[in-house]
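*Asks:* Turn this into a model:
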Amino acid sequence: MDTVLHYADQFVFDKLYALIWPAYTKHIAGSIVSTWPRDDVWRVCLSLYIITCVFGWLLYFITATLSYYYVFDHDYMKHPKFLKNQIRLEINCAASAVPWMTLLTLPCFAGEIFGKSLLYGDVPKTAFDWIYLILSVPSFLFFTDCGIYWFHRWMHHPRLYRYLHKLHHKWVIPTPFASHAFNPVDGFLQSLPYHLYAYFIPMHKYLYLSMFVFVNFWTVMIHDGEFISHSEIINTSAHHFVHHVYFNYNYGQYFTLWDRIGSSHRQPDNEQYDKELRIDLKTMARQARDADRIENDVLRQSKAKIQ
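*Replies:* Residues are numbered from 1 along each chain as shown. Just a heads-up that it's a prediction; the model follows:
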């Protein structure tokens, strides 16, 4: 983020802050320059907040829109659990959640800017450096997949579900626009492993930034409703569809490993992979009944735990 912030300061924020707070500016070489220093913690936080919100919205709207129009199986909109005006509701939920998720994430990004993380920017020089750089990718994926699995499963606990994760399961038949439609605290907790990685394990900052973009693409992809891959290792969109409908399965983000370890793996079957079967009205009606029964059971458990 330090490189992104540097160029944002150079081309946007130096001029922007000088215009907004003219009383705190001085003329240098005929131009107005803000006296609010770039390394001031409040300026850094404000700039990071703006950058993250803007890029978060752009990445969400671009990737989800492309996926919705070119990948998503629109036959699923005939499903009885597909809500009236669901697309608009998903978009409103996601768009309004981004600023709050950004605010919660801000200390992690600010810590990276001020050198508190283990991110580095040196160009790889030796064979070991290149091997480490390459191995950083699977390391990042396995570390974050483990963290997301346990955070996600924890939020399905009856004491927490109705307060944190229930909103995302409103979309029983999700579209790509549901990918970021979370309660902000839920969204932040599921993104936390990505930020923790940078504080626990050294990683090249450009690779880390690219993985962050990949994460957002992947989040959209597992909500795209097009079940091309039949993998038993990768947590595909079919696996995640099973999670939304049948609730207690497939909490992982990338792989099925932790679901297998935690006895929560459910492999998709012809109900997802057979096009004719998955859009059959009887199949859809049964899925709707199952989804209602499962969620009612969870909500009853939640009330019992509270009482």
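*Asks:* Make sure Ala181 is actually in contact with His169.
*Replies:* No: taking CB atoms under 8 Å as the definition, Ala181 is not a contact partner of His169, at 10.5 Å. Placement of C-beta: from N, CA and C, glycine included.
*Asks:* so where is the protein shaky, pLDDT-wise?
*Replies:* Residues of the chain meeting the criterion pLDDT under 70: 22-34, 302-307.
*Asks:* Show me the domain layout of this protein.
*Replies:* As assigned by automatic domain parsing, the chain contains the domains 1-38, 53-306.
*Asks:* Need these in TSV (columns: distance to Cys45 and mean neighbour count).
*Replies:* Listed next are the domains of the chain as TSV, based on distance: least, CB to CB, whole Å; neighbours: other CB atoms under 10 Å:
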stretch	distance to Cys45	mean neighbour count
domain 1-38	11	13
domain 53-306	6	17
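*Asks:* and of those, who's closest to Leu46?
*Replies:* domain 1-38 (8.5 Å; CB to CB).
*Asks:* First-to-last residue distance for the closest one?
*Replies:* End-to-end span of domain 1-38 (CA to CA, to the nearest Å): 14 Å.
*Asks:* same deal with stretch 160-170?
*Replies:* By CA to CA, the extent of stretch 160-170 from end to end equals 15 Å.
*Asks:* Can you name the residues in contact with it?
*Replies:* 83, 89, 93, 152, 154-156, 178, 181-183, 185-186, 189, 244, 247, 295, 298-299, 302 (CB atoms under 8 Å, 6 or more residues apart in numbering).
*Asks:* Check stretch 48-59 too.
*Replies:* Residues outside stretch 48-59 that contact it (CB under 8 Å, 6+ apart): 1, 4-5, 8, 95, 98-99, 101-103, 105-106, 109-110, 113, 180, 213, 216.
*Asks:* Spell out the residue ranges of the strands in the stretch 101-250 of the chain.
*Replies:* 119-120, 203-204 (DSSP state E, counting those that start in this stretch).
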